[in-house]
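just need the structure, nothing else, for what follows:
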Amino acid sequence: MQNIIFRKDDIVVSTALFKTARRSYRISDIEKIAIKRPLLWFSLPIAIGSFALLSGFQPYLYVHERWFCMAGMFLLPLMGWLIATLNVTSKAYTNDVAAIGYMPTLAAARNALDTVIFQANDKTNTASNTDE
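Numbers count the residues shown, from 1 in each chain. This is a model prediction of the structure:
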């Protein structure tokens, strides 16, 4: 019987299975979990360029162009900070992007996965120590 540890949006973490909208992974096969923010590194140069454009050419820009530059300065890095990917390395997949979504949701899913994986490792270690 598998107990559901975490469920939000399309992400489900149970004691035996990690399920996303794209794939399902057996907990016993997962080797590494990582959260990355790839959009942040693409949004920072655009934000810096928007700032430079706004500071250098503000008198020559229309009002809507100024608003566009300010949105590029503030909204793009914010979106890059809040949107992340949850990467799973398992025995079958090498650094597979399991989920893309809101950073706090992915962090909570990662914490649930860590809890389940460490509990499974503790049970395995306890069983192997009693066999010896």
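
CA atoms for contacts and neighbours, from now on please.
OK.

is Ile100 in a helix, a strand, or coil?
Ile100 falls in the strand class when you classify it by DSSP: H, G, I helix; E, B strand; the rest coil.

and the gap between it and Leu54?
32 Å (CA to CA, to the nearest Å).

am I right that Lys32 is in contact with Thr89?
Yes: in this structure, Lys32 is within contact of Thr89 by CA atoms under 8 Å, at 5.0 Å.

neighbour-wise, which of these two wins?
Thr89 (17 against 13; other CA atoms under 10 Å).

am I right that that one is in a strand?
Yes: residue state for Thr89 (three-state DSSP) corresponds to a strand.

show me what contacts it?
Going by CA atoms under 8 Å, 6 or more residues apart in numbering, Thr89 touches 30-33, 95-96.

likewise for Ala112?
Ala112 touches 5-6, 13, counting by CA under 8 Å, 6+ apart.

as a whole number, average confidence for the helix or strand hosting Thr105?
Using DSSP states H and E, Thr105 maps to helix 103-131. Per-residue pLDDT over helix 103-131 has a mean of 81.

heads up, I number from 15, so please use that
Sure, I'll start counting at 15 from here, so that last one is helix 117-145.

where does the prediction get shaky in the protein?
Where the chain drops to pLDDT under 70, the residues are 15, 135-146.

switch to 50 and redo it
Filtered on pLDDT under 50, the chain yields the residue ranges 15.

centroid residue for it?
Nearest residue to the geometric centre of the chain (CA atoms, centre = their mean): Thr99, 3.1 Å.

quick one: the helix or strand containing that residue to chain centroid distance?
If you go by DSSP H and E, Thr99 is part of strand 97-104. Centroid separation for strand 97-104 versus its chain: 5 Å, with CA atoms, centre = their mean, to the nearest Å.

paired strands for it, with orientation please.
If you go by DSSP bridges, strand 97-104 pairs up with strand 44-50 (antiparallel), strand 110-116 (antiparallel).

ok and the helix or strand following the first one relative to strand 97-104, angle-wise?
On the C-terminal side of strand 44-50, the closest following helix or strand by DSSP H and E is helix 52-71. Angle, helix 52-71 to strand 97-104, by axes from the mean of the first three to the mean of the last three CA atoms, to 10 degrees: 150 degrees.
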